[in-house]
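**Q** Got a predicted structure here, sequence first:
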Amino acid sequence: MCCEIHEKTVSCVRSVPVFKGLNQDEVNDLGQVVKSRTFTKGDYIFREGDLSDCLVVVHKGTIKVSKFSDEGKEQILRILFPGDFFGQYSLLENKKHYADAEVLEDTTVCLLHKNDFKLILERNPGMAMNFMMALSELLQMADEWIGTISLLEVERRLAKALLLFFEKENEKEFFMLPVPKKDFASLIGATPETLSRKLVHLQSIQVLELDGRRGIRLLDIEKLKEIAG
């Protein structure tokens with residue numbers, strides 16, 4: 001069992017962009033302080049307002065990060081896939097989570113407490129630089145997504161989201177949407193009715209094929225990239 005847990009944590013360390021390029025000794029050092037934890041579908045890893053004191057790396061599974069308005073309307077902010085991480089700001093200062101993180105399927109995450117991480121960064125300037133670069137990339141992606149939601153028409157938002165899922169599924173042409181279509185509509189800032197119309201349109205021009213409630217088969221990826229702009 002100890003060996004199995006160690007393999008999980010080392011695999012987590014290798015999968016997250018913050019830790020790319022580490023040598024074996026550095027990976028082993030991190031493996032001593034990273035903890036592995038498994039959640040089942042419907043569990044919350046954290047709720048809005050909970051104290052954030054760990055970096056969380058998704059090892060297996062998917063997680064929905066969302067907020068609720070005062071009127072009770074849910075807005076999905078991100079879908080996290082293996083290799084994605086969150087809680088990064090808690091490593092530098094005391095913060096509370098700004099949203100809920102709900103597990104969409106059985107999921108394994110790896111946790112790195114901020115006190116352990118600070119000690120490692122102090123001993124490893126290269127890792128500190130990687131961490132800063134990963135944060136910069138994450139901020140850039142957030143800015144790009146805000147621009148996508150606020151400036152682009154629904155069809156382009158949809159195309160960009162489908163390409164993201166395609167990438168996260170290791171470029172498999174067939175994949176299942178990670179959330180129900182009503183949640184997918186929330187993610188791209190559209191109504192469920194508009195999303196359904198756009199998906200049917202993309203199917204009619206043979207860009208994709210719908211398979212059941214969540215199945216998507218991409219038929220013309222180059223055309224989808226053209227639509228995404």
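**A** That came through, no problem. What you see is a predicted model, and the numbers here were worked out from it, not measured in a lab.

**Q** Bridging across strands, which residues link to the residue nearest the centre of the chain?
**A** In the chain, the centroid-proximal residue (C-alpha atoms, centre = their mean) is Leu80; its distance is 1.9 Å. Bridge pairing for Leu80 (DSSP bridges) gives the partners Ile63.

**Q** which residues touch it?
**A** Val58, Thr62, Ile63, Lys64, Val65, Phe86, Ala101 (C-beta atoms under 8 Å, 6 or more residues apart in numbering). The C-beta positions use only the backbone N, C-alpha and C, and glycine is treated the same way.

**Q** can you redo the residues you listed as CSV with distance to Leu162, pLDDT and neighbour count?
**A** What follows is those, written out as CSV (distance: C-beta to C-beta, whole Å; pLDDT from 0 to 100; neighbours: other C-beta atoms under 10 Å):
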residue, distance to Leu162, pLDDT, neighbour count
Val58, 20, 88, 24
Thr62, 16, 93, 20
Ile63, 19, 94, 25
Lys64, 17, 93, 22
Val65, 19, 91, 20
Phe86, 23, 83, 23
Ala101, 23, 93, 26
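
**Q** and of those residues, the nearest to Lys225?
**A** Nearest to Lys225, judged by C-beta to C-beta, of the contacts of Leu80 is Thr62 at 23.4 Å.

**Q** Name the residues of the helix or strand harbouring Leu119 that are buried.
**A** Assigned by DSSP states H and E, Leu119 belongs to helix 114-123. For helix 114-123, a neighbour-count test (16 or more other C-beta atoms under 10 Å) marks Lys114, Asp116, Phe117, Ile120, Leu121 as buried.

**Q** Look at the residue nearest to the centre of the chain and report its pLDDT.
**A** Leu80 is assigned 90 on the pLDDT scale.

**Q** try the one 3 residues further on
**A** At Gly83 the predicted local confidence, pLDDT, stands at 81.

**Q** Look at it and say how many residues are nearby.
**A** 14 (other C-beta atoms under 10 Å).
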